[in-house]
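Colleague: Sequence isn't available, so here's the structure alone:
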């Protein structure tokens, strides 16, 4: 999450963009995405609503960098298709910047690392073994022997 909180207006606009971009990828421009269309995990919008950072989830794609390159190359067509959908709701169609959302792959990598750790089991609680003999027990109070 960013250091500066997004306003309600930014959040609503980002949600609108996320839904409409998903529709653009699935319905308006499916020929650009052979196989599965990219998933949109997050959209972040600048305070002036002029720039949108779109984070794409490309989990089932073998060459995600190549798909991202294709999306960036077709950014103008994607923006135009988006404009057709939202032109009556907004004044300015935002500039779209696309990025890979690697949080899922990062989480998978962390799971992998955690699963390879060797953590020995905790010793079984044994009341007699934990209690030191009377002679070795530290004195807590001066009058303990009396």
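Modeller: That came in fine, so what should we check first? What you see is a predicted model, and the numbers here were worked out from it, not measured in a lab.

Colleague: What sits closest to the residue nearest to the spatial centre of the chain if chain neighbours are left out?
Modeller: Nearest to the geometric centre of the chain sits residue 103, at 4.3 Å (C-alpha atoms, centre = their mean). In this structure, residue 103 finds its nearest non-sequential neighbour in residue 41, 7.3 Å apart by C-beta to C-beta, 6 or more residues apart in numbering. C-beta: built from backbone N, CA, C; applies to glycine.

Colleague: Where does that neighbour sit, in terms of helix or strand?
Modeller: Per DSSP states H and E, residue 41 falls inside strand 39-45.

Colleague: same question, residue 81
Modeller: Residue 81 belongs to helix 75-86 when assigned by DSSP H and E.

Colleague: Averaged pLDDT, stretch 43-60. What do you get?
Modeller: Mean pLDDT, stretch 43-60: 89.

Colleague: Not counting it itself, show me its contacts.
Modeller: If you take C-beta atoms under 8 Å, 6 or more residues apart in numbering as the criterion, stretch 43-60 is touched by 2, 6-7, 9-10, 13-15, 17-18, 21, 36, 38-42, 64, 67-68, 71, 90, 92, 94-101, 104-105.

Colleague: 7 Å instead, please
Modeller: Contacts to stretch 43-60, defined as C-beta atoms under 7 Å, 6 or more residues apart in numbering, come from residues 10, 13-14, 17-18, 21, 36, 38-42, 64, 67-68, 71, 92, 94-101, 104.
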